[in-house]
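Participant: What would the 3D arrangement of this be:
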Amino acid sequence: MSTTERDAELIYAITHQGEVPEPPEWWRGAVYYEVYVHSFKDTTGSGMGDIPGVTQKLDYLRDLGIDGIWLSPFYASPQTDNGYDVSDFRAVHPPFGTLGDVQELIDAAHARGLKIMFDQILGHTSEEHPWFEESRSSRDNPKADWYVWADPAPDGGPPNNWISSFGGRAWRWEPRRAQFVYRPFLESQPALNLFNPDVLDEMCDNLRFWLDMGVDGFRIDAIQCLGFDRELRSNPPARSRENPSVGGGANNPFKQQIHLFDRDVPEAIPILHRIRAVADEYTPQRVLIGELADVDSSRLAPKYTVDQDRLHAVYDFDLINRADTMEEWTGMIDIRSRLLVPGLSMNVFTNHDSERSVSALMPKACEAGRERDAAKLLLFLQCTLAGGTILFQGEELGLEQPELDFDEIKDPWAKALWPDFTGRDGVRCPLPWESGAKNCGFSESDAPWHEVPEAYCEKSVDIQEADPDSVLHFVRRLLRWRRDVPILRTAPETILTDTPLEAIVFEREKGGTSIFCAANFGLDSAEVTLPRSCLKPQFANGDFTLDKDRLTLAPLSCVALA
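Facilitator: Residues are numbered from 1 along each chain as shown. From the prediction side, this is the model:
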């Protein structure tokens with residue numbers, strides 16, 4: 001696809017945003033909580049979290065004030081990539097529980113008014129999946145074309161220069177077929193050929209399997225990887241490795257290329273049409289939220305949600321990866337406010353693939369011993385910006401990123417790129433439920449799958465329950481207030497640019513109703529002149545003074561005015 005064609009597609013997407021109707025769907029502007037099953041709650045003593053552990057803690061989740069839960073993969077898997085390498089899409093990984101446990105969780109969540117969404121990996125499987133075992137066996141078996149196979153180049157090497165997101169060649173030689181197989185992530189994760197209608201039909205049936213059980217929708221993994229250039233053209237080299245959209249550290253080989261032909265290809269859009277049609281077969285409405293990474297996500301996101309036959313919403317990593325300074329961060333928020341449709345985009349400050357937000361985004365505040373205020377400030381911003389919100393487990397406790405030694409690392413991505421990239425283990429450490437209990441209440445096992453950091457026990461749920469000024473109680477107040485302010489779910493935002501460098505101020509306005517949100521991320525006071533006076537505080541944390549149109553914010557404080 002030429003640059004002109006790509007730009008035309010983007011222009012179409014952006015100019016058609018206003019045509020999206022605005023019925024009061026439950027998912028628009030909703031707050032979701034990502035449960036990382038491995039690390040949430042172990043009820044069996046296996047050392048690994050499980051589905052009954054999620055069910056056990058549903059009252060805790062409901063009391064936060066969230067709208068729904070997104071569950072990380074729990075499917076049968078050899079666990080080389082913590083469940084994102086699936087060997088059976090319709091079975092539960094035994095340590096996590098059973099299909100009966102999953103049904104009980106769905107029913108219990110619904111009984112509490114919570115929606116529940118499952119993770120779906122459409123683009124690849126584990127190499128231990130029976131489909132791949134058959135596909136790799138020969139070139140003429142019934143599933144020979146279910147994965148992405150290619151003949152060697154004339155020199156005997158891979159067919160092109162594509163690089164895995166985790167570093168290294170994206171092609172692996174398979175002697176049984178005398179061909180290369182494409183694997184965009186780990187070597188053990190071969191890419192499915194979703195252009196094969198039989199494969200897409202099977203994946204759609206997998207979605208129906210869980211939808212028939214009552215799940216409310218899916219988070220679709222890595223939507224930028226659902227297709228590929230059928231001519232298998234090589235990617236051009238990048239001008240530099242400074243690609244902020246890509247994780248894995250500054251020296252990740254993936255950053256050496258412009259990924260024109262292995263990411264975000266236009267031929268993938270019909271795949272989205274098919275899976276949206278499956279979701280639309282069900283009532284009440286089922287929802288599809290896509291993960292968009294490794295690309296210029298904020299600019300590209302609209303085309304994935306622009307029409308009623310694509311995804312309902314997307315989230316990306318631009319607010320995590322693309323802002324090293326407050327000026328860059330404010331600029332990225334401004335760009336997103338102009339490009340993304342409120343309600344169709346999601347605000348993510350951390351998830352299972354990144355660092356804890358308070359450590360990554362507020363290091364100076366943490367160094368000054370103000371990590372609690374910093375955590376509250378980030379949560380306020382995340383929940384008041386236009387769009388929905390996805391909170392990763394433990395953010396409601398203000399957990400910081402633990403420092404881990406190499407021998408504590410389990411993440412294969414980190415092992416490949418260490419020490420430049422320390423990986424995803426830190427954010428995936430188990431939740432601390434009870435300060436004085438074994439493994440802080442996560443598990444009774446003598447060998448949990450990952451240790452609970454000592455610092456986490458000081459911020460455990462039981463300690464924060466007893467402290468009315470804790471981050472946990474702040475989140476409950478924040479989400480309770482947010483639910484009572486309808487424009488925070490769907491209204492667009494306008495960023496005020498004439499503000500101090502360390503302050504972010506924006507207006508949410510719709511139908512003649514507006515609210516101003518202001519946050520001071522600095523360690524000094526910040527003074528802001530608002531566009532109007534006679535405003536009254538609606539929600540706040542920290543000290544501030546308001547004199548007509550002049551607002552003074554104490555360090556690390558925030559306020560909403562209307």
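Participant: all strands of the stretch 1-150 of the chain, in order?
Facilitator: Using DSSP state E, counting those that start in this stretch, the strands assigned to the stretch 1-150 of the chain run over residues 31-35, 68-71, 75-76, 88-92, 115-120, 149-150.
Participant: Tell me which residues touch Asp316, please.
Facilitator: Glu291, Leu292, Ala293, Ser297, Ser298, Ala301, Val348 (C-beta atoms under 8 Å, 6 or more residues apart in numbering). Placement of C-beta: from N, CA and C, glycine included.
Participant: and Met326, which of the strands of the stretch 1-150 of the chain is closest to it?
Facilitator: strand 31-35 (24.9 Å; C-beta to C-beta).
Participant: helices or strands next to that closest one in the packing?
Facilitator: Secondary-structure packing of strand 31-35 (3 or more C-beta pairs under 8 Å, 6 or more residues apart in numbering; DSSP states H and E): helix 58-64, strand 68-71, strand 388-392.
Participant: Among those, show me which one is buried the most.
Facilitator: strand 388-392 (a mean of 25; mean count of other C-beta atoms under 10 Å).
Participant: strand partners of that strand, parallel vs antiparallel please.
Facilitator: Strand pairing for strand 388-392, determined by DSSP bridges: strand 31-35 (parallel), strand 345-347 (parallel).
Participant: Residues contacting it, please?
Facilitator: 27-34, 36, 64, 66, 70, 313, 315, 343, 345-348, 350-352, 379, 382-383, 427, 475, 489.
Participant: So which bits of stretch 41-51 are buried?
Facilitator: Under the neighbour-count criterion of 16 or more other C-beta atoms under 10 Å, stretch 41-51 has Lys41, Asp42, Thr43, Thr44, Ser46, Gly47, Met48, Gly49, Asp50, Ile51 buried.
Participant: scratch that, stretch 147-166
Facilitator: Tyr147, Val148, Trp149, Pro158, Pro159, Asn160, Asn161, Trp162, Ile163, Ser164, Ser165, Phe166.
Participant: hmm, back to that, looking at the contacts of Asp316, which is nearest Cys225?
Facilitator: Among the contacts of Asp316, and counting by C-beta to C-beta, the member closest to Cys225 is Ala293, at 8.9 Å.
Participant: Run through who's touching the helix or strand hosting Ala455.
Facilitator: Assigned by DSSP states H and E, Ala455 belongs to helix 454-457. Outside helix 454-457, the residues within contact range by C-beta under 8 Å, 6+ apart are Leu399, Glu400, Pro402, Cys429, Pro430, Leu431, Pro432, Ser435, Cys440.
Participant: Which helix or strand lies directly C-terminal to that helix?
Facilitator: If you walk from helix 454-457 toward the C-terminus, the next helix or strand you reach (DSSP H and E) is helix 461-465.
Participant: Quick one: mean pLDDT for that following helix?
Facilitator: Averaging pLDDT along helix 461-465 gives 99.
Participant: Give me the packing partners of the next helix or strand after it, helices and strands only.
Facilitator: Counting by DSSP H and E, the next helix or strand C-terminal to helix 461-465 is helix 471-483. On a contact count with 3+ C-beta pairs under 8 Å, 6+ apart, helix 471-483 meets helix 58-64, helix 371-384, helix 461-465, strand 537-541.
Participant: Could you give the separation of helix 471-483 from the chain centroid?
Facilitator: Offset of helix 471-483 from its chain centre (C-alpha atoms, centre = their mean, to the nearest Å): 21 Å.
Participant: domains of this structure?
Facilitator: 3-122+197-232+264-408+463-482, 493-561 (automatic domain parsing).
Participant: before we move on, the earlier item: would a markdown table of the helices and strands packed on helix 471-483 with distance to Asp85 be doable?
Facilitator: Converted to a markdown table, the helices and strands packed on helix 471-483 look like this (distance: least, C-beta to C-beta, whole Å):
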| stretch | distance to Asp85 |
| --- | --- |
| helix 58-64 | 27 |
| helix 371-384 | 30 |
| helix 461-465 | 31 |
| strand 537-541 | 41 |
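Participant: Mean neighbour count, the ones you listed: which tops it?
Facilitator: A comparison of those by mean neighbour count, using mean count of other C-beta under 10 Å, puts helix 371-384 on top with a mean of 24.
Participant: picking that back up, how about the domains of the chain, which one is nearest Thr422?
Facilitator: domain 3-122+197-232+264-408+463-482 (7.0 Å).
Participant: distance between the closest one and the chain's centre?
Facilitator: With C-alpha atoms, centre = their mean, you get 4 Å for domain 3-122+197-232+264-408+463-482.
Participant: Run through the residues that contact the residue nearest to Val148 when sequence neighbours are not counted.
Facilitator: Leaving aside its chain neighbours, Val148 sits nearest to Tyr182 (3.8 Å; criterion: C-beta to C-beta, 6 or more residues apart in numbering). With contact taken as C-beta under 8 Å, 6+ apart, Tyr182 is in contact with Tyr147, Val148, Trp149, Ala150, Trp162, Ala170, Trp171, Pro190, Ala191, Phe228.
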